[in-house]
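Student: from the sequence below, what's the structure:
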Amino acid sequence: MSWLWHWLDERIPGGARWAYVFGSALVFLILAQLASGIALAFTYSASVPAAWASVARIEQTALGHLLRGMHAQGATFLLAVAGLHLLQTALFGAYRAPRQATWWLGLLLLALLLAFCLTGSLLPWDERGYWATRVTVGIAASAPLMGHALQSLMTGGSEFGNLTLTRFYAVHASLLPLLLLVFVIAHVAAMRRHGVTPPVHIDAARTEPFWPRQALYDAGFALLLLAALLVAAATLGAPLQGPADPGGAANPRPEWYFRPLFQVLKILPARLEAVGAFGIPLLAAAFLCALPFIDKDARRRPAVLGGLLGGLGAAALLCIASYHSDAKAPEFVRAEALAQVRAKKALRLARTIGVPPEGALAMIESQPDERGRRLFQRACTECHTLRGEGGVKAPRLDGFLSKRWIRGLLLRPDSNEYYGAVPISGMESYKDLGEDSLQKLTDFLHGLRSRAPDDPALESGLRVFLRADCGECHSLKKGEDEGGPSLYGYGSREWLSGMVGDPGAPGYYTEQNKMPDFGNRLQPSDIQELVAFLQTLEGDEALAQEAP
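Tutor: Residues are numbered from 1 along each chain as shown. Have a look, this model is predicted:
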């Protein structure tokens, strides 16, 4: 036990203080990460068909949810505490001789922690991790001289697949822990050899043993971190989006610790992206590594600390600006909300019908609305779009037949979002109806899919419909043609099936129709699957409105 007493009797220049707790806290958090990572590895499967399913299976139990949350939130805690440790060390001048090696080893450990975060994001094989990693690999591919070699090394081939996932898992779960263990031991040994650096205003000649006060400070801070980590893991967890779909829509965003660089790349013109992606991190790393040589006397110290604090402040501002920019971008907010909808749907399917051996993507694509999505992409996207400001040749269909979509149609029927690019004329804007009447008319049209026009629940909307002379062009009887589509059953499965099958038929768009007749192109079952998909567009919209 002599080694233990030797450890506990370590002399602390200037005496015990809370400023010294960060190093021990990092060791504690690293051990917590290793423990939770090992526990997760017993269930995780590093293959494209099984990766998402294995993570979803972990999420289905309370303990699994907690462990994943601890591992994911632990990365945030680690980097936050590492940043505080770096700042405290720099403020105390602990990078000066003879402690240069301790400082450089600490910087290497910080780089390893970032590498853990980078490689770990792909492992769930969900939408967020997949597309964010594709962006990262794309940035690596733009590196001068060695870009192609880096890309091949990371992907294991020309495209993302099993080899890519296997390599990221091997690096994350084997290589990086080994390197981390080696450098943590080296860093702690170097620190023990030269001791901690007290603040400049403290008398270093006065020392105090590590036990009991500093040990209690370290233990108390570690317990506070553990409590905070458990709360964060239980409440925030580790988000799992839908399974990665290489043919889906990319909406990549990195975690907060990579947001400053992400924002810089957004600001810079395309021709300077490589400079931003490699030049800025290399300059920051060079500055930190050079601190022992730059800061050798008190005259340079204000400039050195000003540069360090200025860099950290700029990074914080870029991070805030990135989140603020996303929050002000309606299309991004909507895409994120819909990603949550898809994630909930995928997790629900995984619980109810299970994930087949072919993988989670096959599970989703087996659903009728998903087969309809594929049909839509093949047959309809030449004219319609689900994103953007408007349709290419026909109305955009995101939120199709939802109250928001119907309200927009009443207000702006001749805009490119609706029928501005389509040779259908005659409908006027109802913006002069007034807010109350406009809402009643919207509710009336939305309610026709499940109620008869004379249903008492729709009475107030029917009065607005008649007062606004909508009946001059639109009949409320099935199949009748008044120049515009009949609104009997408007938005119902039956109405949609008839419209998709023969949009030029009486009761729909007759001679004004330019939409293909899918009744002659698709099987009846295909039309029903396409209609099922169209109906989900309103459901996705409603859920997206409710999503946090």
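Student: low-confidence ranges in this protein?
Tutor: 1-9, 11, 14-15, 200-205, 210, 249-250, 298, 387-392, 423-426, 539-548 (pLDDT under 70).
Student: the strands in it, which residues?
Tutor: Counting by DSSP state E, the chain has strands at residues 11-13, 207-209.
Student: quick check: which of these is nearest to Leu318?
Tutor: Of all the strands of the chain, it is strand 11-13 that lies closest to Leu318, at 36.8 Å by CB to CB. Glycine gets a C-beta too; all of them are placed from N, C-alpha and C.
Student: ok, for Leu105, nearest residue in space, not its chain neighbours?
Tutor: Nearest residue to Leu105 in three dimensions, chain neighbours excluded: His187, at 4.2 Å (CB to CB, 6 or more residues apart in numbering).
Student: OK, contacts around that neighbour?
Tutor: Under the criterion of CB atoms under 8 Å, 6 or more residues apart in numbering, the neighbours of His187 are 102, 105-106, 109.
Student: distance check, it against Ala82.
Tutor: His187 sits 12 Å away from Ala82, going by CB to CB, to the nearest Å.
Student: can you pull the residues that touch both of those two?
Tutor: Common neighbours of His187 and Ala82 (CB under 8 Å, 6+ apart) are Leu109.
Student: which residues does stretch 401-415 contact?
Tutor: 390, 395, 399, 417-420, 427-431, 433, 438-439, 441-443, 445-446, 449, 490-491, 534, 537-538, 541-542, 545.
Student: oops, could you answer that again for stretch 507-527 instead?
Tutor: Stretch 507-527 has contacts (CB under 8 Å, 6+ apart) with 375, 379, 383, 394, 422-425, 475, 478-481, 485-486, 488, 497-504, 530.
Student: tell me which of those residues fall in helices.
Tutor: 375, 379, 497-501, 530 (DSSP state H).
Student: of those residues - the most surrounded one?
Tutor: Greatest neighbour count in those, by other CB atoms under 10 Å, goes to Leu530: 27 neighbours.
Student: that one contacts Gln377, doesn't it?
Tutor: No: contact criterion CB atoms under 8 Å: Leu530 and Gln377 do not qualify, at 10.7 Å.
Student: picking that back up, mind putting the ones in helices among the contacts of stretch 507-527 in TSV, distance to Thr510 included?
Tutor: Formatted as TSV, the ones in helices among the contacts of stretch 507-527 follow (distance: CB to CB, whole Å):
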residue	distance to Thr510
Leu375	25
Ala379	22
Ser497	18
Gly498	13
Met499	12
Val500	16
Gly501	15
Leu530	22
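Student: between the residues you listed, which is nearest Pro456?
Tutor: The closest of the ones in helices among the contacts of stretch 507-527 to Pro456 turns out to be Gly498 (CB to CB; 26.7 Å).
Student: and for the closest residue to Glu273 other than its chain neighbours, the neighbour number?
Tutor: The spatially closest residue to Glu273, leaving aside those adjacent along the chain, is Leu265, at 5.6 Å (CB to CB, 6+ apart). Neighbourhood size, Leu265 [other CB under 10 Å]: 17.
Student: residues contacting Leu265?
Tutor: 139, 273, 276-277.
Student: among those, which two are most distant?
Tutor: Ile139 and Gly276 (9.4 Å).
Student: show me the helices in the stretch 151-300 of the chain, by range?
Tutor: Counting by DSSP state H, counting those that start in this stretch, the stretch 151-300 of the chain has helices at residues 162-170, 176-194, 215-235, 259-267, 273-274, 280-294.
Student: reformat these as TSV; add distance to Pro357.
Tutor: Output for these, formatted as TSV (distance: least, CB to CB, whole Å):
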stretch	distance to Pro357
helix 162-170	14
helix 176-194	30
helix 215-235	31
helix 259-267	36
helix 273-274	40
helix 280-294	41
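Student: touching, Ile58 and Phe42? I think so.
Tutor: No: if you go by CB under 8 Å, Ile58 and Phe42 don't touch, sitting 9.6 Å apart.
Student: so those two - more neighbours on which side?
Tutor: A side-by-side neighbour count of Ile58 and Phe42, using other CB under 10 Å, places Ile58 first with 21 against 7.
Student: excluding its backbone neighbours, what's nearest the more buried one?
Tutor: Gly64 (3.8 Å).
Student: so what's that neighbour up against?
Tutor: Going by CB under 8 Å, 6+ apart, Gly64 touches 40, 43, 57-58.
Student: ok, so of those residues, who is nearest Ile364?
Tutor: Arg57 (16.2 Å).
Student: the closest one - nearest residue in space that isn't next to it in sequence?
Tutor: Using CB to CB, 6+ apart, the closest residue to Arg57 is Thr43 (6.4 Å).
Student: which residues does stretch 116-133 contact?
Tutor: 33, 44, 46, 48, 51-52, 55, 75, 79, 136, 160, 164-165, 168-169, 171-172, 176, 180, 239-246, 248, 250-255, 257-258, 339, 342-343.
Student: please apply the same query to stretch 416-435.
Tutor: For stretch 416-435, the external contacting residues (CB under 8 Å, 6+ apart) are 389-396, 408-414, 438, 441, 464, 468, 473, 483-484, 509, 512, 514.
Student: any chance of a ChimeraX selection covering the buried ones in the contacts of stretch 116-133?
Tutor: With 16 or more other CB atoms under 10 Å as the criterion, this ChimeraX line picks the buried residues out of these:
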select :33,44,46,48,51,52,55,75,79,136,160,164,165,168,169,171,172,176,180,240,241,242,243,244,245,248,251,252,253,254,255,257,258,339,342,343
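Student: thinking again about what came up before, how close does the residue nearest to Arg57 get to Thr133?
Tutor: For Thr43, the distance to Thr133 - CB to CB - is 22 Å.
Student: coming back round to it: buried ones from the contacts of Gly64, can you make that a ChimeraX selection?
Tutor: In ChimeraX syntax, the buried subset of the contacts of Gly64 is picked out as below (16+ other CB under 10 Å):
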select :40,57,58
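Student: which of the contacts of Gly64 sit farthest apart?
Tutor: Longest span within these, CB to CB: Leu40 and Arg57, 11.0 Å.
Student: nearest to Leu114, of the contacts of Gly64?
Tutor: Scanning these for proximity to Leu114, where the rule is CB to CB, the winner is Leu40, at 20.0 Å.
Student: wait, the closest one touches Ile58, no?
Tutor: Yes: at 6.5 Å, Leu40 counts as touching Ile58 under the criterion of CB under 8 Å.
Student: what's the overlap in contacts for the two?
Tutor: 64, 67-68.
Student: would you list the residues you listed in JSON lines and tack on distance to Arg371?
Tutor: Putting those into JSON lines (distance: CB to CB, whole Å) gives the following:
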{"residue": "Gly64", "distance to Arg371": "31"}
{"residue": "Leu67", "distance to Arg371": "36"}
{"residue": "Arg68", "distance to Arg371": "31"}
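Student: which ones among the residues you listed lie within helices?
Tutor: Counting by DSSP H, these contribute 64, 67-68 to helices.
Student: of those, closest to Leu153?
Tutor: Nearest member of those to Leu153, counting by CB to CB, is Arg68, at 28.1 Å.
Student: roughly how far does the residue nearest to that closest one when sequence neighbours are not counted sit from Arg374?
Tutor: Spatially, and ignoring its direct neighbours in sequence, Arg68 is nearest to Ala238 (4.2 Å; CB to CB, 6+ apart). Going from Ala238 to Arg374 by CB to CB gives 30 Å.
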